[in-house]
Structures are given as C-alpha cells and as structure tokens.
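Asker: Sharing a sequence plus its predicted fold:
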Amino acid sequence: MSATIVLTSLRQTLYFHLDWIERDDFKDFQLKFLSWRLSILKFN
C-alpha cells in the first residue's frame, strides 16, 4: 500500500466524520466508536 492511497483513504474518512458532526446522533456514534476503540486497546 503506497502512502498516497493511505492518505486518500484517511482524507475520505475525515470527510465522512465531518459530515456527521452537524447531526444529532453524531455524539452517540462517537461514544460507540470510542468505547469500541477502548475495548480493542484493552484486549491488546
């Protein structure tokens, strides 16, 4: 995987999350995502 592909996918992911920020359920999504990340960190 080249660096440009990684950067492009990261940018697309960022734009996706930025679209969610204005929505009401973004906070719920963020909390679920954070708890999911924390659970992964605990197992590793």
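Answerer: Perfect, I can see it now. Source: prediction; values computed, not measured.
Asker: and the one helix or strand residue 41 maps to, how far out from the chain's middle?
Answerer: Using DSSP states H and E, residue 41 falls within helix 26-43. Computed by C-alpha atoms, centre = their mean, to the nearest Å, the chain-centroid distance of helix 26-43 equals 10 Å.
Asker: got it, and stretch 36-44?
Answerer: Worked out by C-alpha atoms, centre = their mean, stretch 36-44 lies 15 Å from the chain centre.
Asker: Give me the average confidence score over it.
Answerer: Average pLDDT, stretch 36-44: 81.
Asker: Any stretches of the protein with poor pLDDT?
Answerer: Along the chain, the model assigns pLDDT under 70 to residues 1, 17-26, 44.
Asker: list the contacts for residue 15?
Answerer: Going by C-beta atoms under 8 Å, 6 or more residues apart in numbering, residue 15 touches no other residue. Where you see a C-beta, it was placed from the backbone N, CA and C, and this is true even at glycine.
Asker: could you dump the helix or strand hosting it to PDB, C-alpha only?
Answerer: According to DSSP H and E, residue 15 maps onto helix 3-21. Taking C-alpha atoms only, helix 3-21 is exported to PDB below (Å, rounded to 0.1, in the frame of the first residue of the first chain):
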ATOM      1  CA  ALA A   3       1.400   6.400   1.100                       C
ATOM      2  CA  THR A   4      -0.900   8.300  -1.300                       C
ATOM      3  CA  ILE A   5      -3.600   5.600  -1.100                       C
ATOM      4  CA  VAL A   6      -3.400   5.700   2.700                       C
ATOM      5  CA  LEU A   7      -3.600   9.500   2.800                       C
ATOM      6  CA  THR A   8      -6.500   9.500   0.400                       C
ATOM      7  CA  SER A   9      -8.500   6.900   2.400                       C
ATOM      8  CA  LEU A  10      -7.700   8.900   5.600                       C
ATOM      9  CA  ARG A  11      -9.000  12.100   4.000                       C
ATOM     10  CA  GLN A  12     -12.200  10.400   2.800                       C
ATOM     11  CA  THR A  13     -12.700   9.000   6.400                       C
ATOM     12  CA  LEU A  14     -12.200  12.500   7.800                       C
ATOM     13  CA  TYR A  15     -14.700  14.000   5.400                       C
ATOM     14  CA  PHE A  16     -17.200  11.300   6.300                       C
ATOM     15  CA  HIS A  17     -16.800  12.100  10.000                       C
ATOM     16  CA  LEU A  18     -17.000  15.800   9.300                       C
ATOM     17  CA  ASP A  19     -20.400  15.200   7.600                       C
ATOM     18  CA  TRP A  20     -21.600  13.500  10.800                       C
ATOM     19  CA  ILE A  21     -20.600  16.400  13.100                       C
END
